[in-house]
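Student: Sequence first, then the predicted structure:
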Amino acid sequence: MFKKKEVEKLKALFMLLDEPNEKVYEGICESIAFYGVEVNPLLQDFLDNTFDPLVQDRVRVLIHRIHLDSLYSELNNWITLDSKNILKGYIILTKFICPDLDEDKILKDLLRLEKEIWLELNSNLTGPEEIKVINKILFETYDFTPTVINQIQPDEIALNKLLDSHSGSQKALSVFYAGMSQRLGLPLYMANLHGVMALAYVDNADEKKLLKDRPVLFYVNPVAKGSIFTRKDVKYYFKENHMDDRAENYQPCDNIYLLQSIGEEIALSYNLNMDYKKEAEFRSLLKLLY
């Protein structure tokens with residue numbers, strides 16, 4: 001919350017947004033943007049009450065600029081400090097699609113689902129049994145399903161849409177499934193299976209080993225209601241589809257790679273919908289992951 005003097009200062013700056021000198025105008029924008037996304041509601045209120053077309057356009061651009069700057073900062077912090085929380089990264093990308101995202105609602109929905117699954121888990125369950133519990137809650141109780149359409153809209157990939165409609169793209173469903181599993185302590189990560197969106201359940205006996213060096217006990221396909229398959233099944237798939245059968249194809253990948261995957265799908269959705277400006281902005285944000 002801003003103090004009264006800060007609000008007065010900001011409102012005075014807003015009144016200068018019709019400044020004709022570009023350098024002076026840019027300085028005014030920087031002074032406003034310094035306050036971060038917290039200033040956007042004040043800017044929106046100012047926008048709703050001004051009738052100058054130039055100022056309206058400038059305020060819209062400034063709100064968008066501040067929003068993007070905030071996403072860059074959040075994603076950079078996630079990469080540096082919080083990449084073990086894949087759903088937090090997913091929320092950041094969703095904020096690009098939905099600038100007015102209600103993050104608190106998402107977190108409450110995730111916590112509710114987590115508690116329901118946790119109540120049916122116990123330390124005596126095997127890995128496949130743990131997966132069966134997750135599948136029961138997500139696919140039987142809540143009927144989460146992949147979207148079956150040829151051209152996916154960006155909001156079909158957004159986490160809030162998935163949680164509200166229990167339906168989303170195949171990659172969205174897979175990232176969500178991995179995230180819920182990891183929140184519950186299950187070692188489930190994206191598998192490097194070219195052409196197949198699957199997750200690897202890794203052996204966590206030696207947590208000092210790098211993730212890629214930990215043995216994969218089995219694989220899970222969230223798109224097929226959490227079905228389980230083995231390395232032998234993967235080997236057969238590679239052979240039938242004349243694909244390279246290399247050791248690295250079986251390795252689990254970290255959450256940054258997983259977020260790259262859903263990020264590329266979001267970028268592609270903007271491209272297919274011919275929203276090239278949004279695609280360019282989003283790909284610029286996505287560069288932080290590479």
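Tutor: Noted; the coordinates are in hand.
Student: So which residue is smack in the middle of the chain?
Tutor: The centre of the chain sits closest to Y90, judged by Cα atoms, centre = their mean, with a distance of 1.5 Å.
Student: which residues sit in contact with E281?
Tutor: With contact set as Cβ atoms under 8 Å, 6 or more residues apart in numbering, E281 has these partners: 68, 96. Where C-beta positions appear, they are placed from N, C-alpha and C, glycine not excepted.
Student: An error on my part: the question was meant for T80.
Tutor: If you count contacts by Cβ under 8 Å, 6+ apart, then T80 has nothing around it.
Student: try G226
Tutor: With contacts taken as Cβ under 8 Å, 6+ apart, G226 has the following neighbours: 131-132, 134-135, 138-139, 177, 220.
Student: Emit the PyMOL select command for whichever of the residues you listed are buried.
Tutor: The following PyMOL command selects only the buried members of those, with burial defined by 16 or more other Cβ atoms under 10 Å:
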select buried, resi 131+134+135+138+139+177+220
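Student: Identify those among the contacts of G226 that sit within helices.
Tutor: When DSSP state H is applied, the contacts of G226 are split such that 131-132, 134-135, 177 fall in helices.
Student: now these as CSV including pLDDT and distance to L259?
Tutor: Compiled in CSV, these are given as follows (pLDDT from 0 to 100; distance: Cβ to Cβ, whole Å):
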residue, pLDDT, distance to L259
I131, 98, 22
K132, 97, 27
I134, 98, 20
N135, 98, 23
Y177, 97, 14
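Student: Return the closest of these with respect to E74.
Tutor: Distances from E74 to the ones in helices among the contacts of G226, taken as Cβ to Cβ, are shortest for Y177 (23.0 Å).
Student: Check whether the closest one really touches L199, as I assumed.
Tutor: Yes - with the criterion set as Cβ atoms under 8 Å, Y177 and L199 qualify as a contacting pair; they are 6.8 Å apart.
Student: Which residues are in contact with each of the two?
Tutor: Common contact partners of Y177 and L199 (Cβ under 8 Å, 6+ apart): 188, 220, 222.
Student: quick revisit: of the contacts of G226, which pair is most distant in space?
Tutor: For these, with distances taken as Cβ to Cβ, the pair at the greatest spread is K132 and Y177 (13.4 Å).
Student: From K239, how far out is G89?
Tutor: Counting by Cβ to Cβ, to the nearest Å, the gap between G89 and K239 amounts to 34 Å.
Student: same check, this time on N204
Tutor: 30 Å.
Student: So between those two, which is more surrounded?
Tutor: Taking other Cβ atoms under 10 Å, N204 and K239 do not tie; N204 has more neighbours (15 against 10).
Student: Return the residues in contact with the more buried one.
Tutor: Residues touching N204, when contacts are defined by Cβ under 8 Å, 6+ apart, comprise 187, 214.
Student: go with 6 Å
Tutor: N204 makes contact with P187, according to Cβ atoms under 6 Å, 6 or more residues apart in numbering.
Student: Any figure for the gap between it and M274?
Tutor: When distances are taken as Cβ to Cβ, N204 and M274 turn out to be 44 Å apart.
Student: and if you look at E114?
Tutor: 38 Å.
Student: Neighbour count for those two, which is higher?
Tutor: Here E114 and M274 are compared on neighbour count by other Cβ under 10 Å; more neighbours surround E114, at 16 against 8.
Student: Isn't the more buried one up against R183?
Tutor: Yes - the pair E114 and R183 passes the contact test of Cβ atoms under 6 Å, sitting 5.3 Å apart.
Student: just to revisit the earlier point, let me have the ones in helices among the contacts of G226 in a markdown table, adding distance to G263 as columns.
Tutor: Conversion of these to a markdown table gives the following (distance: Cβ to Cβ, whole Å):
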| residue | distance to G263 |
| --- | --- |
| I131 | 26 |
| K132 | 30 |
| I134 | 24 |
| N135 | 26 |
| Y177 | 17 |
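Student: Which member of these is positioned nearest L75?
Tutor: Minimum separation from L75 among these (Cβ to Cβ) is found for Y177, which lies at 21.8 Å.
Student: Now for the nearest residue to the closest one once chain neighbours are set aside: which residues touch it?
Tutor: Closest residue to Y177 apart from its sequence neighbours, by Cβ to Cβ, 6 or more residues apart in numbering: P222 at 3.7 Å. For P222, the residues meeting the contact criterion (Cβ under 6 Å, 6+ apart) are 173-174, 177.
Student: Present those as JSON lines; the columns should include distance to D82.
Tutor: Conversion of the contacts of P222 to JSON lines gives the following (distance: Cβ to Cβ, whole Å):
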{"residue": "L173", "distance to D82": "22"}
{"residue": "S174", "distance to D82": "20"}
{"residue": "Y177", "distance to D82": "19"}
